[in-house]
Structures are given as structure tokens and as C-alpha cells.
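A.B. asks: Compute the structure for the input listed below.
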Amino acid sequence: MSITPFGIIGGGWRAEFFLRIAAELPERFQVAGIVVRSEEKGRELEQQWHVPTFRTIQDMLRRTAPAFVVVSVPRTIAPEIMLELAAAGVPALCETPPADRLEDLVSLYQAVGGKAKIQIAEQHPYQPD
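C.D. replies: All right, here's what the predicted structure looks like:
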């Protein structure tokens, strides 16, 4: 079985789930890189998880070859990140809700339609009331 490299965008608590998965299953997964805006946060993640960090998506994609990228950012900016990944031809797993409003979700769908590989991960087996 080969090792699957993946990237992460965002450095919050949700991103740590994927960092822990890669740490527990190094024969299956490798974190190719993490994109965070803050240099300080990047240093913390590098020290704690021993993975490279980048400040932009383009920089991570130029320097690594992730099979997919986990989008773990607030729903208000997730659509623009998924559009950027779609334009680069990189599959995305969106860990948080994919948009803040229905209009944003429809706009995202219209922009990528069937041209992008986007999966939404949700931990709830049923939609909350």
C-alpha cells in the first residue's frame, strides 16, 4: 500500500484531526504541507507536527504534490479556497461547511459544477434541527 500525501489549509483544531490521522498512520498518509497565514502559527505547527508550512496555497502547490487538500477554514472563506484548488486541478475535502449562506453555496456550485473534485466532510449523521 502506498503513502498518500495530502495538504491542509488552516491550522485550527479541526485541522489537527487530520494531523493526528497522519501521525497515527504514517504508512498510509503524509502531510505534504499546511497553509497558514501566520508565520508564528506556522513555526508552532512545524515544531509540534514536523511538517512544512506555507503562507499561500500557490507556494504549497509549487513545492509539494498533494493527492488532495483538506480545507479547514471558516465557512466564510472556504468557497474562495475551493475555487482556487479547483482552478489548480487539486481535489479538495472541505472539513467545515462549504459556505456561509445558501447563495454562497449555489454560487460555488455554479462556478465549479462538475469540473472539480470537492467532497464535504460532515461529522453529523443527520442534519441538526
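
A.B. asks: Mind jotting down where the strands sit in this protein?
C.D. replies: Assigned by DSSP state E, the strands in the chain fall at 4-9, 29-35, 53-54, 68-71, 92-94, 118-120.

A.B. asks: Next, the buried residues of the last one.
C.D. replies: Of all the residues in strand 118-120, those buried under the rule 16 or more other CB atoms under 10 Å are 118, 120. From N, CA and C alone the C-beta is placed, and that goes for glycine too.

A.B. asks: For that strand, what is the distance to the chain centroid?
C.D. replies: With CA atoms, centre = their mean, to the nearest Å as the basis, the distance from the averaged C-alpha position of strand 118-120 to the chain average is 10 Å.

A.B. asks: So which of the strands of the chain is the most surrounded?
C.D. replies: Using mean count of other CB atoms under 10 Å, the stretch among those with the largest mean neighbour count is strand 68-71, at a mean of 25.
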